[in-house]
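**Q** Show me how the following folds:
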Amino acid sequence: MGNCWGAKISSESPSRSVYTSGANSKFTSRNANGLSGSSSRVSASSVPPTPRSEGEILQSSNVKSFTFNELRTATRNFRPDSVLGEGGFGSVFKGWIDEHTFAAAKPGTGIVIAVKKLNQEGFQGHREWLAEVNYLGQLSHPNLVKLIGYCLEDEQRLLVYEFMPRGSLENHLFRRGSHFQPLSWNLRMKVALGAAKGLAFLHSDKAKVIYRDFKASNVLLDSHYNAKLSDFGLAKDAQLVIRATSPRGSWERMDMLLQNTLQQVI
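**A** Residues are numbered from 1 along each chain as shown. Model (predicted):
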């Protein structure tokens with residue numbers, strides 16, 4: 001994350017618009033002129049009145065279960081000047097944790113994180129939050145944003161990600177703020193290749209995930225402009241999708257044309 005660690009967040013800092021979308025919500029930069037991301041596809045009636053149990057979360061050694069107090073400390077009590085983005089899902093805050101213990105750390109020390117806090121009155125529900133935890137918690141790839149952990153405590157739902165200091169590809173393409181400069185041709189090719197590698201991994205026999213939300217606002221960039229896919233709230237298990245759309249037979253032996261067709265239209 002380089003020189004963004006410990007840097008003071010200002011109105012002109014790219015870090016204020018890092019997470020311009022999440023869990024299929026509309027996040028907007030503090031400097032943006034318009035909204036990015038897409039509107040919710042889950043109605044308010046689908047959001048359960050109280051959180052479901054943690055038993056629905058697939059166990060993984062890759063993610064940590066944080067307490068709400070730990071994340072409150074890491075984000076300095078969710079201070080307004082720590083906000084990276086806001087939207088239908090809620091707000092995303094910048095925080096710091098110890099590199100080894102993942103305990104809350106002082107600003108400028110340890111590693112930088114992005115903490116997404118669910119808006120309890122928003123239109124994004126437990127289902128998409130759970131999909132994000134279960135898919136990113138089980139998958140690991142250089143071109144997927146890393147989910148560090150989550151919090152499910154009382155009515156609080158939060159997600160903890162690695163910090164992506166260059167923001168989203170959309171911000172660079174449409175220059176959401178004066179600090180976002182046009183990408184050179186070489187950088188555009190690098191980002192496109194990285195995003196394609198992430199998508200190819202998801203659609204491979206190893207992951208078997210239909211991403212379903214591939215767009216510029218969901219492609220995040222690290223300090224070296226490495227592209228990583230984010231927002232798995234709409235992702236689906238490929239084999240479940242296949243069973244729901246009538247084709248028969250195992251995924252491994254299915255005709256490649258049929259596999260490709262399903263990946264493109266679903």
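**Q** When you work out contacts or count neighbours from here on, use the C-alpha atoms and nothing else.
**A** Fine.
**Q** Test my guess that Lys94 contacts Val83.
**A** Yes: the criterion here is C-alpha atoms under 8 Å, and Lys94 meets it with Val83 at 6.3 Å.
**Q** So which residues of the stretch 151-266 of the chain form strands?
**A** 156-162, 209-210, 219-221, 227-229, 236-237 (DSSP state E, counting those that start in this stretch).
**Q** let me redo that: the stretch 1-150 of the chain
**A** Under DSSP E, counting those that start in this stretch, the stretch 1-150 of the chain gives strands at 64-65, 83-86, 90-97, 111-118, 147-153.
**Q** okay if I get these as JSON lines plus distance to Asn226, mean pLDDT and mean neighbour count?
**A** Putting these into JSON lines (distance: least, C-alpha to C-alpha, whole Å; pLDDT from 0 to 100; neighbours: other C-alpha atoms under 10 Å) gives the following:
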{"stretch": "strand 64-65", "distance to Asn226": "24", "mean pLDDT": "94", "mean neighbour count": "15"}
{"stretch": "strand 83-86", "distance to Asn226": "20", "mean pLDDT": "86", "mean neighbour count": "26"}
{"stretch": "strand 90-97", "distance to Asn226": "20", "mean pLDDT": "93", "mean neighbour count": "26"}
{"stretch": "strand 111-118", "distance to Asn226": "17", "mean pLDDT": "94", "mean neighbour count": "25"}
{"stretch": "strand 147-153", "distance to Asn226": "16", "mean pLDDT": "94", "mean neighbour count": "21"}
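**Q** Any chance of these in a markdown table with distance to Gly167 as columns?
**A** Shown next, in a markdown table, are the strands of the stretch 1-150 of the chain (distance: least, C-alpha to C-alpha, whole Å):
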| stretch | distance to Gly167 |
| --- | --- |
| strand 64-65 | 24 |
| strand 83-86 | 10 |
| strand 90-97 | 13 |
| strand 111-118 | 12 |
| strand 147-153 | 16 |
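**Q** between these, which gets nearest to Leu220?
**A** strand 111-118 (12.3 Å; C-alpha to C-alpha).
**Q** what angle do that closest one and strand 156-162 make?
**A** Orientation of strand 111-118 against strand 156-162 (axes from the mean of the first three to the mean of the last three C-alpha atoms, to 10 degrees) gives an angle of 150 degrees.
**Q** Show residues contacting strand 111-118.
**A** For strand 111-118, the surrounding residues in contact (C-alpha atoms under 8 Å, 6 or more residues apart in numbering) are 1, 5-6, 71, 75, 84, 89-99, 124, 156-163.
**Q** That one pairs with which strands, and in what direction?
**A** For strand 111-118, the paired strands and their directions (DSSP bridges) read strand 90-97 (antiparallel), strand 156-162 (antiparallel).
**Q** Using a markdown table, lay out the ones you listed together with distance to Phe66.
**A** Output for the strands paired with strand 111-118, formatted as a markdown table (distance: least, C-alpha to C-alpha, whole Å):
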| stretch | distance to Phe66 |
| --- | --- |
| strand 90-97 | 11 |
| strand 156-162 | 9 |
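**Q** among those, which is nearest Arg176?
**A** Nearest of the strands paired with strand 111-118 (C-alpha to C-alpha): strand 90-97, 17.4 Å.
**Q** any residues touching that closest one, and which ones?
**A** For strand 90-97, the external contacting residues (C-alpha under 8 Å, 6+ apart) are 19, 71, 74-76, 78, 82-86, 103-120, 122, 163.
**Q** Thanks again, I'm all set now.
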